[in-house]
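[1] Based on what follows, work out the 3D shape:
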Amino acid sequence: MKLGLQLGYWGAQPPANAGELVAAAEESGFDAVFTAEAWGSDAFTPLAWWGRETSRLRLGTSIVQMSGRSPTSIAMHALTLDHLSNGRVILGMGVSGPQVVEGWYGQPFAKPLARTREVVAIIRKVLAREAPVTNDGPHYPLPYAGEGSVGLGKPLKPIVHPLRADLPIWLGAEGPKNVAQTAEIADGWIPIFYTPKSAGMYQPWLDEGFARPGARRTRADFEIAATCHLEITADDGPAKQAVIDGLKPVIALYMGGMGAKDQNFHKQVFERMGYADLAHQVQELYLAGEKDRATALIPDELVDDMHIVGSVGAVKERVAQWADTGVTTLLLSFRSADELRRVAEILA
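    Prediction:
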């Protein structure tokens with residue numbers, strides 16, 4: 001199992017030490033660095049900026065929001081950065097949610113699976129550069145000939161010859177149908193709440209995708225990049241508990257406060273994991289402004305399952321458990337370069 005540095009997306013200001021973290025990851029044998037986007041910083045620019053100081057790390061997005069750019073625009077970003085990095089790009093994409101897609105990007109959210117399939121197909125056509133790119137699908141028609149068209153659209157091939165036609169495309173997916181489609185059409189999967197206890201829930205969905213006619217990968221060469229918080233503590237008692245307690249507000253936010261009340265995809269994952277009643281209570285409290293009460297409901301065992309926290313021996317054991325479930329890359333975030341180096345040394 002490889003290690004990846006997860007830089008995520010920016011808060012109110014750019015992070016102060018991201019460059020140091022990337023340099024430490026390069027030196028410490030990490031496989032990749034990943035960036036994300038929400039409705040502030042974008043995912044590609046930080047990879048180009050900090051990635052220029054690297055020569056070995058793969059440069060991944062986890063994730064690019066597909067509604068923020070046309071499929072051909074996403075392909076242009078990816079092929080450009082792939083040339084600049086000598087073939088180190090991983091294009092991670094996802095559908096986001098209706099509040100962001102329709103509220104921020106001004107695009108329709110309906111039929112996200114069909115949209116995903118079209119986006120991936122168009123990007124692969126661009127990267128293959130075998131013929132002018134066309135698409136007959138209803139969501140991203142190329143050339144466009146709909147309302148407002150002047151009728152002069154022309155199928156085009158990219159001017160730049162892509163470095164890799166098989167540039168890896170990974171997808172963020174949460175529900176059964178989306179995960180199955182990911183296993184069918186993508187090179188890898190970026191789950192948001194993958195845990196050792198929930199891993200079994202995903203296996204039939206993945207198997208369904210791998211078994212479909214024309215599936216791109218098999219389980220043997222399909223990558224799973226799971227995100228968790230890893231922290232080494234002085235003991236597996238009070239020190240670990242303090243970290244567990246500190247992680248609960250984030251879980252409460254995703255369970256109860258992310259997305260619309262009736263369409264919170266993160267909450268649905270927790271429901272499938274067996275926490276339906278808890279998720280309902282947390283959402284009711286969170287949306288009512290009772291964030292502290294919502295956070296207090298998050299059980300220790302859920303946090304412990306979602307993250308890797310404890311003494312050196314306990315962390316090593318837990319990392320092995322994650323690897324045994326099929327995770328190929330563990331995406332980790334760090335507060336300092338020294339913390340990253342220590343984790344890399346311990347897990348080496």
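[2] can you list contacts of the helix or strand hosting Leu7?
    Assigned by DSSP states H and E, Leu7 falls within strand 2-8. With contact meaning Cβ atoms under 8 Å, 6 or more residues apart in numbering, strand 2-8 is reached by 15, 18, 21-22, 25, 29-36, 46, 50, 57, 60, 62, 225, 227, 328-334, 340, 343-344, 347. For the C-beta atoms, the positions are set from N, CA and C on the backbone; glycine is no exception.
[3] helix or strand right after it?
    helix 18-27.
[4] Which elements pack onto that following helix?
    Helices and strands touching helix 18-27, by 3 or more Cβ pairs under 8 Å, 6 or more residues apart in numbering; DSSP states H and E, are strand 2-8, helix 44-51, helix 337-347.
[5] These: which one's closest to Pro162?
    Among the helices and strands packed on helix 18-27, the nearest to Pro162 by Cβ to Cβ is helix 44-51 (15.7 Å).
[6] For the helix or strand following the closest one, the averaged confidence score.
    Using DSSP H and E, the helix or strand that follows helix 44-51 in sequence is strand 58-61. For strand 58-61, the mean pLDDT works out to 98.
[7] got it, and stretch 180-195?
    For stretch 180-195, the mean confidence score works out to 96.
[8] and the end-to-end length of that stretch?
    18 Å (Cα to Cα, to the nearest Å).
[9] So in this structure, which helix runs the longest?
    If you go by DSSP state H, the chain has its longest helix at helix 112-128.
[10] Which parts of the stretch 201-348 of the chain are helices?
    238-252, 265-272, 276-287, 291-296, 300-306, 312-324, 337-347 (DSSP state H, counting those that start in this stretch).
[11] Ile74 and Ala173, how far apart?
    Distance of Ile74 to Ala173, computed by Cβ to Cβ, to the nearest Å: 17 Å.
[12] So for the two, which residue has more residues nearby?
    Ala173 (28 against 24; other Cβ atoms under 10 Å).
[13] Provide the secondary structure category for the more buried one.
    coil (DSSP: H, G, I helix; E, B strand; the rest coil).
[14] Am I right that it is in contact with Ser96?
    No - with contact defined as Cβ atoms under 8 Å, Ala173 does not reach Ser96; the gap is 12.0 Å.
[15] count of neighbours near Gly289?
    So Gly289, with other Cβ under 10 Å, has 9 neighbours.
[16] Just want the phi and psi numbers for it.
    With angles defined as degrees, to the nearest 10, Gly289 sits at phi 90, psi 0.
[17] can you check Gly188 too?
    Torsion angles, degrees, to the nearest 10, at Gly188: phi -170, psi 170.
[18] Ignoring the adjacent residues along the chain, who's closest to Val33?
    Leaving out its chain neighbours, the residue that sits closest to Val33 by Cβ to Cβ, 6 or more residues apart in numbering is Leu5, at 4.4 Å.
[19] pretty sure Ile244 contacts Leu302?
    No - with contacts counted by Cβ under 8 Å, Ile244 stays clear of Leu302, the gap being 9.7 Å.
[20] returning to that earlier point: would you mind checking the contacts of strand 2-8 for buried ones?
    For the contacts of strand 2-8, a burial check counting by 16 or more other Cβ atoms under 10 Å picks out 15, 18, 21-22, 25, 30-36, 46, 50, 57, 60, 62, 225, 227, 328-334, 340, 343-344, 347.
[21] what residues go with each domain of the chain?
    Using automatic domain parsing, the domain parsing of the chain gives 2-230+312-347, 234-310.
[22] Okay, now the unreliable bits of the protein?
    Within the chain, no stretch has pLDDT under 70.
[23] Find the centremost residue of it, please.
    Of all residues in the chain, the one closest to the mean position by Cα atoms, centre = their mean is Ser62, 3.6 Å from it.
[24] so what's that one up against?
    Ser62 touches Gln6, Phe34, Thr35, Ala36, Ala43, Gly92, Trp170, Gly172, Ile190, Ala225, Thr227, Leu331, counting by Cβ under 8 Å, 6+ apart.
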